[in-house]
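>>> sharing a model that was predicted from the sequence below.
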Amino acid sequence: MAKRVKKRKEIKRKLLHKYRLVILNESTFEEKISFKLNRLNVFVTGSIFIIVLIALTILLIAFTPLREYIPGYSSTRLKRQATELTYKTDSLMTVLNYTNRYLDNIRMVLRGDIENTQTNRDSLFERYKLDPNTVDLTPIKEDLELREQVELEDKYNLFERNIDGSWAVLFPPLTGEVSQGYDMDEKHYAVDITALKDSPVKAVADGTVIFAEWTSDTGNVIIIEHSDNLISAYKHCGSLTKSQGDFVNAGEVIASVGNTGELTTGPHLHFELWKDGKPINPQDYIDFN
């Protein structure tokens with residue numbers, strides 16, 4: 001028992017024994033700073049410092065973006081951002097693919113190129129051909145009222161369509177003599193209409209101008225995009241009155257007849273119609289006389 005008490009006193013004496021920490025000038029041995037301390041003070045101070053340092057580190061990681069750099073850390077915000085970026089990337093890829101196809105169509109119109117030189121329009125209509133004997137064509141009261149309303153609204157509409165989606169009436173861009181017609185074999189996907197120089201050229205339907213520039217082969221060219229993937233092109237124009245991005249109405253003057261470009265022998269309008277990326281014969285839909 002006496003030994004145990006003596007041992008405790010010895011430990012207490014060592015812990016409370018005072019020491020002096022002195023910082024001296026090495027050259028002059030002048031005392032600059034001195035501290036009085038004991039082992040217990042050093043132990044308590046060191047423990048408090050370590051605890052505070054650990055607490056600050058935890059707070060720094062828990063409430064700052066530094067936690068996101070910890071391997072394996074799962075952040076709801078980062079997951080949400082990654083999901084949004086994935087959707088945006090997918091949307092951008094879709095828009096990019098659509099834009100590329102759109103530009104390819106414009107290039108085909110400008111160059112007069114198509115992938116398949118044979119286009120059988122009758123086969124397209126055959127797919128939607130119905131047997132009248134299998135359909136009850138008796139209109140109901142609501143159908144009759146709807147037809148009367150539509151007929152009234154479209155009475156003066158120049159941009160009409162048939163039920164099967166084919167184009168019925170388009171506004172003639174120019175009245176004149178057709179000097180060269182549409183010819184698939186000769187790869188002449190247009191009609192050439194002769195007229196006096198500076199005669200007004202009009203839009204065949206409502207649409208947006210998607211190209212209005214000069215080209216070396218076809219001179220002043222203006223291309224208009226209409227609804228239902230219909231594109232009209234007007235080439236060898238003398239001047240253009242519309243710019244890219246302008247909206248035009250059916251029958252609105254967009255250019256004048258000219259003789260511009262290398263591939264021309266006189267004042268005329270080279271007019272093309274493209275549907276779903278393929279050329280169609282304008283004379284099937286427009287009366288140029």
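In hand now; what should we look at? Numbers count the residues shown, from 1 in each chain.

>>> from here on, just use CA atoms for contacts and neighbour counts.
Will do.

>>> which residues of the stretch 101-250 of the chain fall in strands?
Using DSSP state E, counting those that start in this stretch, the strands of the stretch 101-250 of the chain run over residues 160-161, 167-169, 177-180, 191-194, 200-202, 207-215, 219-225, 230-240, 247-248.

>>> can I have the third one written out in PDB, keeping just the CAs?
In PDB, the C-alpha atoms belonging to strand 177-180 read as follows (Å, rounded to 0.1, in the frame of the first residue of the first chain):
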ATOM      1  CA  GLU A 177     -43.300  30.200-121.100                       C
ATOM      2  CA  VAL A 178     -41.600  27.000-119.800                       C
ATOM      3  CA  SER A 179     -38.500  26.700-121.900                       C
ATOM      4  CA  GLN A 180     -37.300  23.500-120.300                       C
END
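
>>> point to the helix or strand of this protein where mean pLDDT is at its lowest.
Here the helix or strand of the chain ranked lowest by mean pLDDT, DSSP states H and E is strand 160-161, holding a mean of 45.

>>> ok, R39 - contacts?
K14, L15, L16, H17, K18 (C-alpha atoms under 8 Å, 6 or more residues apart in numbering).

>>> redo the residues you listed as a markdown table? Include neighbour count and pLDDT.
Converted to a markdown table, these look like this (neighbours: other C-alpha atoms under 10 Å; pLDDT from 0 to 100):
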| residue | neighbour count | pLDDT |
| --- | --- | --- |
| K14 | 13 | 74 |
| L15 | 15 | 74 |
| L16 | 14 | 76 |
| H17 | 12 | 78 |
| K18 | 14 | 80 |
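
>>> the residues you listed in helices, which ones?
K14, L15, L16 (DSSP state H).

>>> buried sites along the longest helix seen in the chain?
When the chain is parsed with DSSP H, its longest helix is helix 76-111. Within helix 76-111, the residues scored as buried using 16 or more other C-alpha atoms under 10 Å are N105, I106, M108, V109, L110.

>>> quick check: mean pLDDT of it?
Averaged over helix 76-111, pLDDT sits at 80.

>>> elements contacting that helix?
For helix 76-111, there is no helix or strand it packs on, judged by 3 or more C-alpha pairs under 8 Å, 6 or more residues apart in numbering; DSSP states H and E.

>>> now do that helix against strand 230-240, angle only.
Calculated by axes from the mean of the first three to the mean of the last three C-alpha atoms, to 10 degrees, helix 76-111 forms an angle of 60 degrees with strand 230-240.

>>> chain center to helix 76-111, what's the gap?
Counting by C-alpha atoms, centre = their mean, to the nearest Å, helix 76-111 is centred 5 Å from the centre of its parent chain.

>>> and for the residue nearest to N259 when sequence neighbours are not counted, the neighbour number?
Nearest residue to N259 in three dimensions, chain neighbours excluded: P267, at 4.5 Å (C-alpha to C-alpha, 6 or more residues apart in numbering). By other C-alpha atoms under 10 Å, 21 other residues sit near P267.

>>> I'd say P267 and K235 touch.
No - in this structure P267 lies outside contact range of K235 using C-alpha atoms under 8 Å: 10.9 Å.

>>> now L24. Its backbone dihedrals?
phi -110, psi 160 (degrees, to the nearest 10).

>>> OK, contacts around it?
With C-alpha under 8 Å, 6+ apart, L24 has these contacts: E30, E31, K32, I33.

>>> so L15 touches L40, yeah?
Yes - L15 is within contact range of L40, at 5.1 Å (criterion: C-alpha under 8 Å).

>>> I'd like the strands of the stretch 101-250 of the chain as a markdown table, with mean neighbour count and distance to L92 appended.
A markdown table is the format used below for the strands of the stretch 101-250 of the chain (neighbours: other C-alpha atoms under 10 Å; distance: least, C-alpha to C-alpha, whole Å):
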| stretch | mean neighbour count | distance to L92 |
| --- | --- | --- |
| strand 160-161 | 14 | 33 |
| strand 167-169 | 16 | 33 |
| strand 177-180 | 14 | 43 |
| strand 191-194 | 22 | 38 |
| strand 200-202 | 22 | 36 |
| strand 207-215 | 19 | 21 |
| strand 219-225 | 24 | 23 |
| strand 230-240 | 25 | 25 |
| strand 247-248 | 18 | 26 |
